[in-house]
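Novice: Sequence first, predicted model second:
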Amino acid sequence: MKTHVSFKRDSTTLNNDAQPFGEDIAAAMVASFASQGLGDWSLDSLDYAFTLFAPASSRRCYVMVGLVDDVPRQWLISCDPSRGLLDWFLRKNYDAEIDTVANAIHRFLSDDSGVSEIRWHTADGWNSNPDQWTPSP
């Protein structure tokens, strides 16, 4: 399952002196999720990225948006399951929810005319072989 997407896009936050960068992208994604019927996601920040959390009553996942300041400079969005210990022990699978959110992310990126080079990866593929990608989840 493809859960990580890299892309290129300008961001007004790149002019800031301190990380995290990309709040404008993360906030626009929260609005896009709401318009796609995925509810009101909460937005928070870490030292290096922004996190989006699904409404507790619905999807069991979280999304991270951050700048990968390598060469080439690009953004990375990851969508991961948010399972508690009991869910893990019971081997609950949230693939359908993750797929729904990944497709919502793809619609968000595809609708943004400033976005280019959308590349979807598996989590392992992003870390070990980023040259293996697909244009959609």
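Specialist: That came in fine, so what should we check first?
Novice: just how off-centre is the helix or strand of the chain with the lowest mean pLDDT within its chain?
Specialist: Using mean pLDDT, DSSP states H and E, helix 85-89 stands out as the lowest-scoring helix or strand of the chain, at a mean of 74. Distance, stretch centre to chain centre, for helix 85-89: 23 Å (CA atoms, centre = their mean, to the nearest Å).
Novice: That one packs against which elements?
Specialist: Contact partners of helix 85-89 among helices and strands, from 3 or more CB pairs under 8 Å, 6 or more residues apart in numbering; DSSP states H and E: none. Bear in mind the C-beta positions are built from the backbone N, C-alpha and C, glycine included.
Novice: Toward the C-terminus, what is the element adjacent to that helix?
Specialist: helix 95-111 (DSSP states H and E).
Novice: Can I get that following helix in CSV, CA atoms only?
Specialist: Taking Å, rounded to 0.1, in the frame of the first residue of the first chain, the C-alpha atoms of helix 95-111 are listed here in CSV:
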residue,chain,number,x,y,z
ASP,A,95,-6.3,-0.5,5.2
ALA,A,96,-9.6,0.8,4.0
GLU,A,97,-9.4,3.9,6.0
ILE,A,98,-5.8,4.5,5.0
ASP,A,99,-6.8,4.0,1.4
THR,A,100,-9.6,6.6,1.7
VAL,A,101,-7.3,9.2,3.2
ALA,A,102,-4.5,8.5,0.7
ASN,A,103,-7.0,9.1,-2.1
ALA,A,104,-8.1,12.3,-0.5
ILE,A,105,-4.5,13.4,-0.3
HIS,A,106,-4.0,12.6,-3.9
ARG,A,107,-7.1,14.6,-4.9
PHE,A,108,-5.8,17.5,-2.8
LEU,A,109,-2.4,17.4,-4.5
SER,A,110,-3.8,16.9,-8.0
ASP,A,111,-6.2,19.9,-7.6
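Novice: buried stuff in it?
Specialist: Applying a neighbour-count criterion of 16 or more other CB atoms under 10 Å, one finds Glu97, Ile98, Thr100, Val101, Ala102, Ala104, Ile105, His106, Phe108, Leu109 buried in helix 95-111.
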